[in-house]
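*Asks:* Quick one, fold the following:
(one chain, ligands or ions: 1)
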Amino acid sequence: MIDTYWYIFFWICIIGLCFGSFFNVVILRSLSNESIVFPPSKCPKCGNKLKWWHNIPVLSYILLKGKCGFCKEKISIQYPIVEIVTMILFGASYLRYGLNLDTIFLLFWCSCLVIMTSTDIKEKLVDCNIAIAMGITGIIFNTLHAGWYGFITSFIGILIGVIVLEAIARLGYIFAGTRAMGEADTYVAGALGGLFGLSIHMVLLLSLAASMIFILPVFFYNQFKANNKLVCILGVLFALSVVVFETVWQNYLTLAIMLIIGLWLAFSVLRGIKNAENRNYLPYVPALAAGALYITFFT
Ligand SMILES: [Zn+2]
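*Replies:* Have a look, this model is predicted:
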């Protein structure tokens, strides 16, 4: 006999896969402003309507070897990735919090984060209505749990999220003459403030760390390609000085060396931003989502 617990887990994963499949449609249509339900799914290249067995999450992608069943146009890897990520988040929510009203809220927020992260990575576009829906449900959730205290901390969380992100975004005017981040990041940080209340500062700190892990390698790769030797060399020296300071030799001399190289690096990077011709916003919603999910599942 199958254990009921794992039986439910199995079906929640399947439901996650199906929702992920639906989110792919939401992501695609929200970027092209089409209706979510009509018209039925079709290949964007040849326009053929998909057969039912072209729509099975992940499995269709594998069976079709990542190509359209009619014209052999490559299908974006986004489809199976969104499906699998949604499945993992749904399954993890159940394993961590069981099956109750709180978990339903959590599944909704995970879904919002999956959609906003995907559109941010893909087109640097985020539907702010989704963030607003997250913020409002966050206020409701905290009020249900902690009454007035929950209600008020939700609002303080929203304020902290919005103010911190706006402050960082507007620092861009000083260094580069433009916003450092898009407006959507402010909405998402505010929404997360509504969910996490006073703990929003942890989400913001973790998002900063996450952004470094994702953004720095890409940044230095671009610098390397642009033949910006000074920034690359300083980057390596800074990393070395941090390692030396943290592991081998912790004193005022190594600290001073680390700070000098770090400041020099920051200065070169900022000068580079000011001179760059086509500046790009960094997608920051993925970093915020990573911070929020880390706190939800690992603390
Ligand atoms: Zn096709």
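*Asks:* Using CSV, write out the CA atom coordinates for the helix or strand of the chain with the lowest mean pLDDT.
*Replies:* Ranked by mean pLDDT, DSSP states H and E, the weakest helix or strand in the chain is helix 252-275, scoring a mean of 70. The C-alpha trace of helix 252-275 is given here as CSV (Å, rounded to 0.1, in the frame of the first residue of the first chain):
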residue,chain,number,x,y,z
TYR,A,252,45.3,45.7,9.3
LEU,A,253,47.8,45.4,6.4
THR,A,254,45.7,42.8,4.5
LEU,A,255,42.5,44.6,5.3
ALA,A,256,44.0,47.9,4.0
ILE,A,257,45.2,46.1,0.8
MET,A,258,41.7,44.6,0.3
LEU,A,259,40.0,48.0,0.8
ILE,A,260,42.3,49.8,-1.6
ILE,A,261,41.9,47.2,-4.4
GLY,A,262,38.2,47.1,-3.7
LEU,A,263,37.8,50.9,-4.0
TRP,A,264,39.9,51.0,-7.1
LEU,A,265,37.8,48.2,-8.6
ALA,A,266,34.5,50.0,-7.7
PHE,A,267,35.8,53.2,-9.2
SER,A,268,36.9,51.6,-12.5
VAL,A,269,33.6,49.8,-12.7
LEU,A,270,31.5,53.0,-12.1
ARG,A,271,33.6,54.9,-14.6
GLY,A,272,33.0,52.0,-17.1
ILE,A,273,29.2,52.3,-16.5
LYS,A,274,29.3,56.0,-17.2
ASN,A,275,31.1,55.6,-20.5
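*Asks:* And the helices in the stretch 1-150 of the chain, which stretches?
*Replies:* With helices called from DSSP state H, counting those that start in this stretch, the stretch 1-150 of the chain shows them at 4-32, 59-63, 78-97, 101-123, 128-176.
*Asks:* I'd like the ones you listed written out as CSV, with mean pLDDT and mean neighbour count added.
*Replies:* C-betas here are computed from N, CA, C, even on glycine. Listed next are the helices of the stretch 1-150 of the chain as CSV, based on pLDDT from 0 to 100; neighbours: other Cβ atoms under 10 Å:
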stretch, mean pLDDT, mean neighbour count
helix 4-32, 90, 17
helix 59-63, 89, 15
helix 78-97, 95, 19
helix 101-123, 94, 19
helix 128-176, 92, 17
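*Asks:* Point me to the helix or strand that includes the closest residue to the ion within the stretch 151-299 of the chain.
*Replies:* The stretch 151-299 of the chain approaches the ion most closely through Pro283 (28.4 Å), counting by Cβ to the ion. For Pro283, there is no helix or strand it lies in under DSSP states H and E.
*Asks:* Out of the helices of the stretch 1-150 of the chain, flag the one nearest Pro217.
*Replies:* Counting by Cβ to Cβ, Pro217 lies closest to helix 101-123 out of the helices of the stretch 1-150 of the chain; the figure is 15.3 Å.
*Asks:* contact partners of the closest one?
*Replies:* 19-20, 23, 26-27, 30-31, 78, 82, 85-86, 89-90, 93-94, 97, 125-127, 130-131, 133-134, 137-138, 141, 184, 188, 191, 195, 283-286, 289, 292-293, 296 (Cβ atoms under 8 Å, 6 or more residues apart in numbering).
*Asks:* Same check on stretch 241-251?
*Replies:* Contacts for stretch 241-251 (Cβ under 8 Å, 6+ apart): Thr254, Leu255, Ile257, Met258, Ile261, Gly262.
*Asks:* okay, now the fifth one: neighbour count?
*Replies:* Neighbour count for Ile261, taken as other Cβ atoms under 10 Å: 20.
*Asks:* OK, contacts around it?
*Replies:* Applying Cβ under 8 Å, 6+ apart, the residues near Ile261 are Leu234, Leu237, Phe238, Ser241.
*Asks:* As CSV, those with distance to Ser211, pLDDT and neighbour count would be great.
*Replies:* As requested, the contacts of Ile261 are exported to CSV (distance: Cβ to Cβ, whole Å; pLDDT from 0 to 100; neighbours: other Cβ atoms under 10 Å):
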residue, distance to Ser211, pLDDT, neighbour count
Leu234, 20, 75, 20
Leu237, 22, 75, 17
Phe238, 17, 74, 20
Ser241, 21, 71, 19
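*Asks:* Could you name the specific helix or strand carrying the nearest residue to Ser199 once chain neighbours are set aside?
*Replies:* Excluding its sequence neighbours, the residue lying closest to Ser199 (Cβ to Cβ, 6 or more residues apart in numbering) is Ile295, at 6.7 Å. In this assignment (DSSP H and E), Ile295 forms part of helix 285-298.
*Asks:* For that helix, output the C-alpha coordinates as PDB.
*Replies:* Provided in PDB are the C-alpha atoms of helix 285-298 (Å, rounded to 0.1, in the frame of the first residue of the first chain):
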ATOM      1  CA  VAL A 285      13.700  40.100  -9.700                       C
ATOM      2  CA  PRO A 286      15.500  36.700  -9.900                       C
ATOM      3  CA  ALA A 287      17.800  37.800  -7.000                       C
ATOM      4  CA  LEU A 288      14.800  39.000  -4.900                       C
ATOM      5  CA  ALA A 289      13.000  35.700  -5.600                       C
ATOM      6  CA  ALA A 290      16.100  33.700  -4.700                       C
ATOM      7  CA  GLY A 291      16.300  35.600  -1.300                       C
ATOM      8  CA  ALA A 292      12.600  35.100  -0.600                       C
ATOM      9  CA  LEU A 293      12.700  31.400  -1.500                       C
ATOM     10  CA  TYR A 294      15.900  30.800   0.600                       C
ATOM     11  CA  ILE A 295      14.200  32.200   3.700                       C
ATOM     12  CA  THR A 296      11.000  30.300   3.000                       C
ATOM     13  CA  PHE A 297      12.600  26.900   2.600                       C
ATOM     14  CA  PHE A 298      15.900  27.000   4.400                       C
END
